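[1] Task: produce atomic coordinates for the following.
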Amino acid sequence: MARLLAMITERYAQGRTLALLDPKDLKDVEPAVNREWVRLIILGVVMTGAAIAAGLSELSAAGSTQIVAVVGAVAWVLLYRDRLAPGDVLDVMRGQSRK
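    This next block holds a predicted model:
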């Protein structure tokens, strides 16, 4: 493990970010499953449901818009909580970025 970490560190310092490991080191490794599409579908269904429910309610247009925005933001935070820092969520709410 220490050998692999040293190799990754050295290659990263050299700027070889697309070849951090040799193919022989990756021979028995299973690739990670990308399930991003599941999160996006769930977020789309929640947002659509919130928009339909807000439209069917007797709220004003401004109230419906706020409901959909809050439901969407909460769903987004719940779905991506492992990838977001609290400061990033606050930046998104304010429409700003620190990066």
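[2] sec struct for the residue of the chain positioned farthest from its centre, please.
    Ranked by distance from the centre of the chain (Cα atoms, centre = their mean), the top residue is E58, with 33.3 Å. Following DSSP: H, G, I helix; E, B strand; the rest coil, the label given to E58 is coil.
[3] In terms of pLDDT, where does it sit?
    At E58, the model reports a pLDDT of 88.
[4] Check the one 5 residues further on too.
    At G63, the pLDDT value in this model is 91.
[5] same thing with P31?
    85.
[6] And for the one 10 residues further on?
    With respect to pLDDT, I41 has a value of 96.
[7] who touches it in this structure?
    Contacts for I41 (Cβ atoms under 8 Å, 6 or more residues apart in numbering) come out as none. C-betas here are computed from N, CA, C, even on glycine.
[8] Distance of it relative to P23?
    I41 is 34 Å from P23, where distance means Cβ to Cβ, to the nearest Å.
[9] just Y12 next, same as before
    In terms of Cβ to Cβ, Y12 sits 18 Å off from P23.
[10] the more surrounded of the two?
    Higher neighbour count among Y12 and P23: Y12, with 11 against 7, using other Cβ atoms under 10 Å.
[11] How about the secondary structure of the nearest residue to that one once chain neighbours are set aside?
    Counting by Cβ to Cβ, 6 or more residues apart in numbering, the nearest residue to Y12 once its immediate chain neighbours are dropped is L20, at 6.3 Å. Three-state call for L20 (three-state DSSP): coil.
[12] Quick one: neighbours of L20, just the number.
    16.
[13] what sits against it?
    If you count contacts by Cβ under 8 Å, 6+ apart, then L20 has 7-8, 11-12 around it.
[14] Quickly list the domain ranges of this protein.
    As recorded under automatic domain parsing, the domains making up the chain are 1-31, 37-99.
[15] For the ones you listed, state which one has the densest average packing.
    Compared across the domains of the chain, domain 37-99 shows the largest average neighbour count, a mean of 12 (mean count of other Cβ atoms under 10 Å).
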